[in-house]
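Undergrad: give me a model of this one.
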Amino acid sequence: MVVYGRNAVREALRGRRAASVSEVLLAAAGLARESWLEGVPHRVVDAVEIERACGSPEHQGVCATLNEFPYVGAAELLGDGAFILALDEVQDPQNLGAICRTAECVGVSGVVICERRAVGVTPAVCRASAGAVEHLRIARVRNLADFLAAAKRAGCWCYGAAVDERAIAYDVPDYGGAAVLVLGAEGQGLRPRVAASCDQLVMLPLRGRIASLNVSAAGAVLLYRMLQSRSSP
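TA: Residues are numbered from 1 along each chain as shown. This is a model prediction of the structure:
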């Protein structure tokens, strides 16, 4: 995998894939003086070569070649005090990256994404997350509803974000203990079976004329509400 963007590359060099970085390409010699590049094999090349290597003009003058992203088993995320973000067929790399950045900042214990009809951890996701994915345990599952059932058996309470008559206000639950927050895909939201697998549906207030929030924006609000609740005595 070729990761591009300064934050994404810097965090890759700090994360669990650091040992797999074979080479860093730089568009300017001055970048080599960055402390996070110390001792890392690098080469100064033309920006065109970097764009050719990573396939994007959004490289910010740096890219790195390293191993594919190491997913973990979903069962590894379950346990006492689990704080899990589960995403139901999120397909936009920018949304996945933005959500993962927030998830890492609030200290989730893991992220679960779908194997099918969903984006995985791609170079674009790495950049959009500002490298946060390098510090997250991320699992891919074939059936999200089955994962939620397993999470409940392990003692987790599952909260699904939905605009639904069954949903309660997002600030009512205390979110204490092991918990899973489930967010739906762009446009369609949670699929019926996934929504039915949640213990409680929660809803953000919408006071304007727009019918819904972007999934990454909604995720940020809910994750920080959960963090606030979980941090309270």
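Undergrad: residue 201 falls within a helix, correct?
TA: No - going by DSSP: H, G, I helix; E, B strand; the rest coil, the assignment for residue 201 is strand, not a helix.
Undergrad: residues contacting it?
TA: Counting by C-beta atoms under 8 Å, 6 or more residues apart in numbering, residue 201 touches 159, 160, 161, 162, 164, 166, 167, 168, 195. C-beta: built from backbone N, CA, C; applies to glycine.
Undergrad: tell me the bridge partners for it.
TA: Going by DSSP bridges, residue 201 is paired in beta bridges with residue 160.
Undergrad: is it true that residue 51 touches residue 61?
TA: No - with contact defined as C-beta atoms under 8 Å, residue 51 does not count as touching residue 61 (10.1 Å).
Undergrad: burial measure for residue 150, as a count.
TA: If you count neighbours by other C-beta atoms under 10 Å, residue 150 ends up with 14.
Undergrad: do the same with residue 207
TA: Residue 207: 5 neighbours (other C-beta under 10 Å).
Undergrad: that one: helix or strand, and which one exactly?
TA: Using DSSP states H and E, residue 207 sits in no helix or strand.
Undergrad: for the spatially most central residue of the chain, what are its contacts?
TA: Residue closest to the average C-alpha location in the chain (C-alpha atoms, centre = their mean): residue 100, at 2.3 Å. Applying C-beta under 8 Å, 6+ apart to residue 100 gives the contacts 111, 125, 129, 132, 133, 136, 138.
Undergrad: and the least confident helix or strand in the chain by mean pLDDT, what does it pack onto?
TA: Of all helical and strand segments in the chain, the minimum by mean pLDDT, DSSP states H and E falls on strand 42-44, at a mean of 91. Other helices and strands packing on strand 42-44, by 3 or more C-beta pairs under 8 Å, 6 or more residues apart in numbering; DSSP states H and E, are strand 23-26.
Undergrad: contacting residues around the strand it packs on?
TA: If you take C-beta under 8 Å, 6+ apart as the criterion, strand 23-26 is touched by 9, 32, 37, 40-45, 49-50, 53, 61-65.
Undergrad: of those residues, buried ones?
TA: 9, 37, 42, 50, 53, 61, 62, 63, 64, 65 (16 or more other C-beta atoms under 10 Å).
Undergrad: so for those, which is the shakiest by pLDDT?
TA: Lowest pLDDT of the buried ones among the contacts of strand 23-26: residue 37, 85.
Undergrad: partner residues bridging the nearest residue to that residue once chain neighbours are set aside?
TA: Once flanking residues are discounted, residue 37 sits nearest to residue 24: 6.5 Å by C-beta to C-beta, 6 or more residues apart in numbering. Residues in a beta bridge with residue 24, per DSSP bridges, are residue 42, residue 64.
Undergrad: from residue 38, how far off is residue 24?
TA: To residue 38, residue 24 is 11 Å away according to C-beta to C-beta, to the nearest Å.
Undergrad: who has more neighbours out of the two?
TA: When residue 24 and residue 38 are compared for neighbours, residue 24 comes out ahead with 22 against 9, by other C-beta under 10 Å.
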